[in-house]
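A.B. asks: What shape does this take:
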Amino acid sequence: MPRPFLSRAVSSAFVLALAPFAVAPTAFAQPAPAPAAPTPPPAAAPPAAPAAVAPATKDTGDVAPPTEATKAEARGHFEKGLRLLQEEAWAAALAEFLISREIYPTRAATTNAAVALRKLQRFDEALDMFETLLRDFANVPAGERATAQRAIAELRERVGTIDITGAEPGASIVIGGQVRGEYPPVTPLRVSAGTHLVRLVKEGFDPFEARADVAGGQTARVTAKMHALTASGRLKVSERGARTLDVVVDNVVVGQTPWEGTLAVGTHTVLLHGKGTLGTQPAAAAIKSQQVTALTLVADELESALHVEPTPAGASVAIDSVPVGHGVWIGRLKAGPHQIEISAEGFLSTLRKITIVRGGREIVTAQLERDPNAAVWKKPSKVVFDAGLGFVVAPTLGGDIAGCTGGCSHPVGIGAVGLFHAGYQLGSGIGFGVAAGYLFATQDVTGRSTELIPHASKGLPAPEPGTADDKLRLSAFLGGADVFYRAGDQIPVLFRLGVGAMVGQLRDERSGLFTSGTTTVKASPVVDFPMATSIYIDPEVRVGIRLGEHVDLSAGVQALMLVAIKQPTWNSAIELDAGPGGIGGYKADPLMGQFVLMLAPTASFRYDF
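C.D. replies: This next block holds a predicted model:
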C-alpha cells in the first residue's frame with residue numbers, strides 16, 4: 001500500500017538514494033549562456049549544489065519552442081516540488097513534478113517524478129518514468145544513467161503485466177481506477193505486483209470486472225467475456241452553462257457535453273471534467289430499463305484533489321454518499337469537509353471524515369478489517385458421499401492359534417475392506433455421518449501344537465498330542481457412525497474417526513496329525529463356522545486432489561481396530577476319527593483375539609453437493 005509520509009528514520013537512506021538524481025532548478029536554463037538563477041537546496045541532496053543541466057528535452061518536431069514565461073511557470077512548480085520532496089511529502093511533490101513536466105519536460109523533473117513514484121510504491125509508474133528518462137533525454141550523465149539503470153532492473157522485479165483477452169474491441173480498460181487505453185492494448189499493461197481490479201467498459205455491453213493477482217516479473221491473464229446489454233436505459237448529460245466538458249461515467253470518459261448514451265440498468269457515477277480544475281464532483285445517476293434519465297450538472301473550479309486507495313483492491317468507495325466505484329479513486333473535489341465510505345463484502349465498513357484545504361491534495365488509505373461473522377467466510381454446508389477401497393494387512397488375527405511356537409508358521413493376514421460413507425459437512429469443515437461396508441481377511445497357520453480331546457464313550461482313552469493346520473477366513477459386515485474434519489480446497493486433507501459394529505463369520509478349515517500309541521494318524525480336514533462380532537474403531541487420514549466443483553480423489557490409510565464382543569471359538573463337539581484309538585475332537589480354541597489391529601491403505605472417491 002503506498003504510504004505518502006515515511007518516518008524520519010528513512011530520511012538518511014533517502015538522501016543517499018536521491019543524491020545522484022538531485023538537479024538544481026537551473027536545469028531549465030536554455031543551452032545558450034544565461035545568468036544563473038538563485039539555487040535553492042536540492043531535494044535531499046548533499047550541501048554542494050549540483051551543476052546546471054541543459055534542458056535535454058526530447059525532440060518536439062514542429063512544436064514551437066517554450067517561451068520564457070512557460071519555463072518560468074514550469075520552474076515554479078519544480079521548485080515547489082523540491083521543497084515538498086525535502087519534507088517527504090511524496091504525493092504532493094509528485095503532483096508538482098508532473099505539472100512541471102506537462103508544461104516543459106526536463107530531465108530534472110522526470111528524475112524527481114520517478115523518485116517520488118518509487119517512494120509511493122507506484123512501481124509500475126516509476127519504472128515507466130525511469131525508462132522515459134533514459135529514452136527521451138540524451139545527455140543524462142554517466143552516474144545518473146547507471147543509477148537509473150539499476151533502478152529499472154530492480155523495479156522490473158516488482159512489476160508484472162496483465163494480459164487481457166476476449167474483450168470487445170474498443171472497450172475502455174480501467175485498472176486500479178486509472179484508464180489504461182482501449183482493448184486491445186497497444187503496449188503491455190504493466191502494474192505493480194499485488195492485487196488489482198480490472199474493469200472493461202463499452203457502450204452497449206455489461207461492464208466486466210475481475211481481480212488480477214500479479215506477481216513481480218510475471219503475467220496475470222484475464223479473460224474478459226463482455227455480454228450485450230439485455231436491460232438498459234439512456235442517460236443524457238448536460239452542463240447548465242452549456243460549456244463543453246468531458247463526460248466521465250464510472251471513471252471512463254464517454255464523450256463531451258451534451259452527451260447521450262446507453263447504459264446498463266442500475267446506479268452509475270457521473271462527473272464532468274474540463275480544462276485545468278474545471279469540473280464537477282461525482283453525482284449518481286439511476287438508470288431504469290427503457291427509460292431516459294436526464295442529468296444536468298454545474299461545473300465549477302475544483303481546486304482540491306482526493307486519492308482514495310482501499311484494501312481489498314475491489315472495495316466500494318462512496319464520496320459524500322455518492323458511490324464512485326470499486327478500488328482506487330482519484331479525482332478533484334471542492335475544498336471543505338467530505339465523507340468517504342469504504343466497504344467490501346466480508347469486511348467491516350469504515351467511514352472517514354476529512355477536510356481538504358483549497359489547493360490541497362488528500363490521500364486516504366484504508367485497510368478494511370475482516371468481519372469474522374460475515375457469511376462470505378463461512379463455507380456452505382453440504383451433503384457428502386464417498387466410497388473407499390483398501391488393502392488390509394493384519395499382523396495377526398490373534399486367538400490361541402496365533403501363539404504357536406517351534407515349527408509353527410503364521411504369515412501376516414491379508415484382505416480387503418470397502419466402506420461407503422454418507423454425511424453432512426458444516427461450513428467449518430466438521431462433519432458427521434454413517435458408514436457401511438464389508439471386510440474380508442485371511443490368515444493361514446501351519447504346524448501348531450495341539451491335542452485331540454476324547455469324546456465320552458467314543459473309545460479314545462486319553463488326549464493325544466499332535467499338530468494342526470488352520471486356514472482362517474473372516475467375512476463380516478460393518479456398520480456405524482463417524483465424525484470427520486476436512487480442510488483445504490484444491491488439496492483437501494480429511495481426518496475421520498468411525499465407530500460401529502462388525503458382524504460376520506470366521507471360517508476355519510482345520511487338518512492335523514496325531515500320535516495314537518505308536519501310530520501316527522492324519523486327521524481329515526474339518527470346517528467350523530463360528531460367529532464373529534466386534535466393536536470396531538476406525539481412525540483414518542486422507543490427502544486428495546479436487547477435480548472440478550464437486551469431486552475429490554484421495555489416498556490415505558485407516559487403522560481398523562476390532563474389540564471382540566464374543567470371541568469366535570472352535571466347536572469341540574465336532575468329531576474326528578483318531579484311528580484305532582477311537583473318536584475325539586479338537587479343543588475349544590479361541591480363533592481370534594480379544595483385540596485385533598488391521599492397517600489398510602485406501603483409495604477413495606468423494607462427491608459433495
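A.B. asks: Please make it C-alpha for all contacts and neighbour counts, starting now.
C.D. replies: OK.
A.B. asks: quick one, phi psi at residue 115?
C.D. replies: phi -60, psi -40 (degrees, to the nearest 10).
A.B. asks: center of the protein - which residue?
C.D. replies: Closest residue to the average C-alpha location of the chain: residue 213 at 8.7 Å, with CA atoms, centre = their mean.
A.B. asks: and the gap between that one and residue 313?
C.D. replies: Distance from residue 213 to residue 313, counting by CA to CA, to the nearest Å: 10 Å.
A.B. asks: residues shared between the contacts of those two?
C.D. replies: Common contact partners of residue 213 and residue 313 (CA atoms under 8 Å, 6 or more residues apart in numbering): 195-196.
A.B. asks: still on that earlier bit, so the residue nearest to the centre of the chain makes contact with residue 198?
C.D. replies: No: using CA atoms under 8 Å, residue 213 is not in contact with residue 198; the gap is 10.4 Å.
A.B. asks: and stretch 371-391, how far from the chain's centre?
C.D. replies: Centroid separation between stretch 371-391 and its chain, computed with CA atoms, centre = their mean, to the nearest Å, is 18 Å.
A.B. asks: Give me the mean pLDDT for that stretch.
C.D. replies: Average pLDDT, stretch 371-391: 87.
A.B. asks: go on, stretch 478-490?
C.D. replies: For stretch 478-490, mean pLDDT rounds to 94.
A.B. asks: and residue 455, what is it in contact with?
C.D. replies: By CA under 8 Å, 6+ apart, the contact set of residue 455 is 575, 583-585.
A.B. asks: separation between the closest residue to residue 361 other than its chain neighbours and residue 326?
C.D. replies: Spatial nearest neighbour of residue 361, chain neighbours left out: residue 305 (4.5 Å); criterion: CA to CA, 6 or more residues apart in numbering. Shown here: residue 305 relative to residue 326, a distance of 18 Å by CA to CA.
A.B. asks: Looking only at neighbour counts, state which of the two leads.
C.D. replies: residue 326 (26 against 20; other CA atoms under 10 Å).
A.B. asks: pretty sure the more buried one contacts residue 319?
C.D. replies: No: contact between residue 326 and residue 319 fails when scored by CA under 8 Å: they sit 11.9 Å apart.
A.B. asks: Just give the number of residues close to residue 419.
C.D. replies: Neighbour tally, residue 419, other CA under 10 Å: 19.
A.B. asks: Keeping just the C-alphas, turn whatever helix or strand it lives in into PDB.
C.D. replies: Residue 419 is located in strand 413-425, with elements delineated by DSSP states H and E. Written as PDB, here are the backbone C-alpha positions of strand 413-425 (Å, rounded to 0.1, in the frame of the first residue of the first chain):
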ATOM      1  CA  GLY A 413      -3.100 -61.800   7.300                       C
ATOM      2  CA  ILE A 414      -4.200 -60.000   4.200                       C
ATOM      3  CA  GLY A 415      -7.600 -59.000   2.800                       C
ATOM      4  CA  ALA A 416      -9.700 -56.000   1.700                       C
ATOM      5  CA  VAL A 417     -12.100 -53.600   3.200                       C
ATOM      6  CA  GLY A 418     -14.700 -51.400   1.400                       C
ATOM      7  CA  LEU A 419     -16.600 -48.600   3.100                       C
ATOM      8  CA  PHE A 420     -19.300 -46.300   1.900                       C
ATOM      9  CA  HIS A 421     -19.900 -43.100   3.900                       C
ATOM     10  CA  ALA A 422     -22.800 -40.700   3.700                       C
ATOM     11  CA  GLY A 423     -22.600 -37.500   5.800                       C
ATOM     12  CA  TYR A 424     -23.200 -33.800   6.300                       C
ATOM     13  CA  GLN A 425     -20.300 -31.400   6.300                       C
END
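A.B. asks: Show me what that strand is packed against.
C.D. replies: If you count contacts as 3 or more CA pairs under 8 Å, 6 or more residues apart in numbering; DSSP states H and E, strand 413-425 packs onto strand 382-394, strand 430-454.
A.B. asks: Export those strands as CSV, with columns for distance to residue 260 and mean neighbour count.
C.D. replies: Below are the helices and strands packed on strand 413-425 laid out as CSV (distance: least, CA to CA, whole Å; neighbours: other CA atoms under 10 Å):
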stretch, distance to residue 260, mean neighbour count
strand 382-394, 49, 19
strand 430-454, 55, 20
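A.B. asks: List the residues that contact residue 285.
C.D. replies: Here residue 285 is in contact with 267-270, 293, 295 (CA under 8 Å, 6+ apart).
A.B. asks: Kindly report the same for residue 371.
C.D. replies: 346-348.
A.B. asks: out of the residues you listed, who's nearest residue 134?
C.D. replies: residue 347 (43.7 Å; CA to CA).
A.B. asks: mind checking which helix or strand the residue nearest to residue 361 is in?
C.D. replies: Using DSSP H and E, residue 305 falls in strand 304-311.
A.B. asks: Can you give me the distance of residue 127 to residue 497?
C.D. replies: Relative to residue 497, and taking CA to CA, residue 127 is found at 56 Å.
A.B. asks: the more surrounded of those two?
C.D. replies: For residue 127 versus residue 497, neighbours defined as other CA under 10 Å are more numerous around residue 127 (27 against 17).
A.B. asks: was I right about that one contacting residue 150?
C.D. replies: No: shown here, residue 127 and residue 150 do not form a contact pair, counting by CA under 8 Å, at 10.9 Å.
A.B. asks: that older thread, okay, the contacts of residue 455 in a markdown table with pLDDT, secondary structure and neighbour count next?
C.D. replies: Converted to a markdown table, the contacts of residue 455 look like this (pLDDT from 0 to 100; DSSP: H, G, I helix; E, B strand; the rest coil; neighbours: other CA atoms under 10 Å):
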| residue | pLDDT | secondary structure | neighbour count |
| --- | --- | --- | --- |
| 575 | 85 | coil | 17 |
| 583 | 80 | strand | 20 |
| 584 | 82 | strand | 28 |
| 585 | 86 | strand | 20 |
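A.B. asks: shared neighbours, residue 213 and residue 198?
C.D. replies: Counting by CA under 8 Å, 6+ apart, residue 213 and residue 198 have no common neighbour.
A.B. asks: for the protein, which helix is longest?
C.D. replies: helix 68-86 (DSSP state H).
A.B. asks: Send me that one as PDB with only the CA atoms.
C.D. replies: C-alpha atoms of helix 68-86 as PDB (Å, rounded to 0.1, in the frame of the first residue of the first chain):
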ATOM      1  CA  GLU A  68      10.500  32.300 -21.000                       C
ATOM      2  CA  ALA A  69       7.100  32.600 -19.300                       C
ATOM      3  CA  THR A  70       6.400  28.900 -19.900                       C
ATOM      4  CA  LYS A  71       9.800  27.900 -18.500                       C
ATOM      5  CA  ALA A  72       9.300  30.200 -15.500                       C
ATOM      6  CA  GLU A  73       6.000  28.600 -14.700                       C
ATOM      7  CA  ALA A  74       7.500  25.100 -15.000                       C
ATOM      8  CA  ARG A  75      10.400  26.100 -12.800                       C
ATOM      9  CA  GLY A  76       8.000  27.400 -10.200                       C
ATOM     10  CA  HIS A  77       6.300  24.000  -9.900                       C
ATOM     11  CA  PHE A  78       9.600  22.200 -10.000                       C
ATOM     12  CA  GLU A  79      11.000  24.300  -7.100                       C
ATOM     13  CA  LYS A  80       7.800  23.700  -5.100                       C
ATOM     14  CA  GLY A  81       8.200  20.000  -5.700                       C
ATOM     15  CA  LEU A  82      11.800  20.100  -4.400                       C
ATOM     16  CA  ARG A  83      10.600  21.700  -1.200                       C
ATOM     17  CA  LEU A  84       7.900  19.100  -0.700                       C
ATOM     18  CA  LEU A  85      10.300  16.400  -1.500                       C
ATOM     19  CA  GLN A  86      12.600  17.500   1.300                       C
END
